[in-house]
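**Student:** whatever this is, show me its structure:
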Amino acid sequence: MNYIIQKLKDELHQELTGNILPFWLHHTPDREHGGFIGHIDFEGAPSPRANKGSVLNARILWTFSSSFRILKQPEYLASADRAYDYIKNNFLDREWGGVFWKLDYQGNPLDPKKQIYAQAFTIYGMTEYYRATGNQEALDIAVGLYLDIEKHSFDPVKNGYFEAFTRNWELEGDLRLSEKDLNESKTMNTHLHILEAYTNLYRVWENSELKVQLRNLVYLFTNYFLNESGHLNLFFDEDWNLKSDLVSFGHDIECSWLLHEAADVLDDEDLKEQCGTLAVKIARQNMKGLDNDGGLFYEYFPTDERWDTDKHWWPQAEAIVGYYHAHRISGLPEFLDAAMQSWRFIQNYMIDKENGEWHWRVDKQGRPYFIEEKAGFWKCPYHNSRACLEVISSPFNYSLP
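**Tutor:** Okay, here's the model as predicted:
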């Protein structure tokens, strides 16, 4: 079994250092206006005047910070420095706090709203940069954003976090991250990435109030977002009335390991055991979304029993991590087999062997959609790089629940 794991580690190391990171190093820096180009098409052609999103830039910061921390290559640090400087100088709102949602290509605020999802990702990137470099200013920025979220977004009466605000922190009318989302007050997706951000922040800043809020986020997942079937509930109103029964396979498997990671960072053995058991349960249920070729379907709509059988890049990446993590917790070979099948699917269908990086998505037959970007507001290096880094850096041991 260790031979299989080592083979997976070696192949993911090669994919990360030979394909994913080189694409972002060579194609995305904006040499004229600073930061990174906001859009690159499926063939790798840049759009120099594309708008720049805070989420993409924060994810680039996390990716190259983590890559440098683990792999120690100087070019990764240079890219992390570029991302850090650009976020600090352009995305941070010096007047009202928080980060802007969108800039124009020259770095001027285009949409100054405060989407909590973006604040969380900036914390995630800044804390990883601090872990990689020891830059105190990055940690201070992360702590400031945490305080902004707690001051403006946390619901002290009914619990949870509201989604979006105007520049001066008035509640927004349109709360959605994208057009496909429901316009609801409290969503799983935003809470998942607050959980992720607070976990990384607590690694480096063991603040007692942060500990309470991180533990509370674990509670929200175990008591609201996770249902009995082992899937996530995605959309709620402010009173925690469920508004959708949609199943998102990528979010399910991503949550499985992030939830256990939070419990591990909190260093609570009982909570770790509970979340480890849940991680295995979620991973096993998630395997029902796997196609025969090893690819993970995108979504399932229980109301009309309809499947979205497209296979997007990010659920495939999270599947590697989630199944591998379930294997490390349980020792069960079925999960290692599933992680390997996910990786083989990616090798066969998701990696763009002509233009580099991964396709955004392929259809059920594995055919790419050649109309979608390689880099953009949502297409980023974070999911696939993180999948590689998580496996590469994991020890050969098991932690049975």
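**Student:** per-residue pLDDT, residue 397?
**Tutor:** We note a pLDDT of 56 for residue 397 in this prediction.
**Student:** ignore what I typed, I meant residue 370.
**Tutor:** Note on residue 370: pLDDT of 88.
**Student:** ok, now the one 5 residues further on?
**Tutor:** In the predicted model, residue 375 carries a pLDDT score of 97.
**Student:** contacting residues for it?
**Tutor:** Under the criterion of C-beta atoms under 8 Å, 6 or more residues apart in numbering, the contact list for residue 375 reads 24, 27-28, 36-37, 39-40, 56, 357. Bear in mind the C-beta positions are built from the backbone N, C-alpha and C, glycine included.
**Student:** dig out what it forms beta bridges with.
**Tutor:** residue 40 (DSSP bridges).
**Student:** in three-state terms, label residue 320 for me.
**Tutor:** Assigned with DSSP: H, G, I helix; E, B strand; the rest coil, residue 320 falls in the helix class.
**Student:** so it sits against residue 336, correct?
**Tutor:** No - between residue 320 and residue 336 there is no contact, the gap being 10.6 Å when judged by C-beta atoms under 8 Å.
**Student:** more crowded one of these two?
**Tutor:** Just comparing residue 320 and residue 336: by other C-beta atoms under 10 Å the higher neighbour count belongs to residue 320, 28 against 20.
**Student:** if I look at the more buried one, how far off is residue 341?
**Tutor:** With distances defined as C-beta to C-beta, to the nearest Å, the gap from residue 320 to residue 341 amounts to 10 Å.
**Student:** now the strands for this protein?
**Tutor:** In the chain, the strands defined using DSSP state E lie at 52-53, 102-103, 109-111, 114-115, 164-165, 186-187, 235-236, 247-248, 299-301, 306-308, 311-312, 361-362.
**Student:** which strands and helices lie in contact with the third one?
**Tutor:** What that stands for is strand 109-111. If you count contacts as 3 or more C-beta pairs under 8 Å, 6 or more residues apart in numbering; DSSP states H and E, strand 109-111 packs onto strand 102-103.
**Student:** is it true that residue 105 touches residue 33?
**Tutor:** Yes - counting by C-beta under 8 Å, residue 105 touches residue 33, with 5.9 Å between them.
**Student:** now do the shared contacts for the two.
**Tutor:** Both residue 105 and residue 33 are in contact with residue 48, where contact means C-beta under 8 Å, 6+ apart.
**Student:** now do the helices in the stretch 1-150 of the chain.
**Tutor:** Along the stretch 1-150 of the chain, the stretches classed as helices by DSSP state H, counting those that start in this stretch are 2-15, 21-27, 54-71, 74-86, 116-133, 136-152.
**Student:** tell me which of the ones you listed lies nearest to residue 186.
**Tutor:** With distances scored as C-beta to C-beta, the stretch of the helices of the stretch 1-150 of the chain nearest to residue 186 is helix 116-133 (10.2 Å).
**Student:** what helices and strands are in contact with that closest one?
**Tutor:** Using 3+ C-beta pairs under 8 Å, 6+ apart as the contact criterion, the secondary-structure elements in contact with helix 116-133 are helix 54-71, helix 74-86, helix 136-152, helix 188-204.
**Student:** for the protein, what helix or strand is lowest in average pLDDT?
**Tutor:** Of the helices and strands making up the chain, the lowest-confidence element is helix 2-15, at a mean of 95, by mean pLDDT, DSSP states H and E.
**Student:** for it, buried residues please.
**Tutor:** Taking 16 or more other C-beta atoms under 10 Å as the neighbour-count basis, helix 2-15 is seen to contain the buried residues 5, 8-9, 11-12, 15.
**Student:** contacting residues for the nearest residue to residue 250 once chain neighbours are set aside?
**Tutor:** If the residues on either side of it in the chain are set aside, residue 250 comes closest to residue 315, at 2.9 Å by C-beta to C-beta, 6 or more residues apart in numbering. The contact partners of residue 315, by C-beta under 8 Å, 6+ apart, come to 249-250, 253-254, 296, 298.
**Student:** same question for residue 112.
**Tutor:** Listed by C-beta under 8 Å, 6+ apart, the contact set of residue 112 reads 93, 100-101, 166-167.
**Student:** again with residue 221
**Tutor:** Counting by C-beta under 8 Å, 6+ apart, the residues that residue 221 touches are 191-192, 195, 255, 259.
**Student:** report pLDDT for it.
**Tutor:** For residue 221, pLDDT reads 98.
**Student:** separation between residue 376 and residue 271?
**Tutor:** Applying C-beta to C-beta, one obtains 37 Å for the distance of residue 376 from residue 271.
**Student:** from the contacts of residue 221, which single one is nearest residue 210?
**Tutor:** Ranking the contacts of residue 221 by separation from residue 210, with C-beta to C-beta as the measure, puts residue 195 on top at 12.1 Å.
**Student:** my guess is that closest one meets residue 257, correct?
**Tutor:** No - contact between residue 195 and residue 257 fails when scored by C-beta under 8 Å: they sit 11.5 Å apart.
**Student:** measure stretch 351-369 end to end?
**Tutor:** When the termini of stretch 351-369 are compared using C-alpha to C-alpha, to the nearest Å, they are 13 Å apart.
**Student:** tell me the buried residues in it?
**Tutor:** 351-352, 356-362, 368.
**Student:** and those residues, which is closest to residue 230?
**Tutor:** Nearest to residue 230, judged by C-beta to C-beta, of the buried residues of stretch 351-369 is residue 361 at 24.3 Å.
**Student:** ignoring the adjacent residues along the chain, who's closest to residue 312?
**Tutor:** Skipping the residues right next to it in sequence, residue 312 comes nearest to residue 361 by C-beta to C-beta, 6+ apart, at 4.3 Å.
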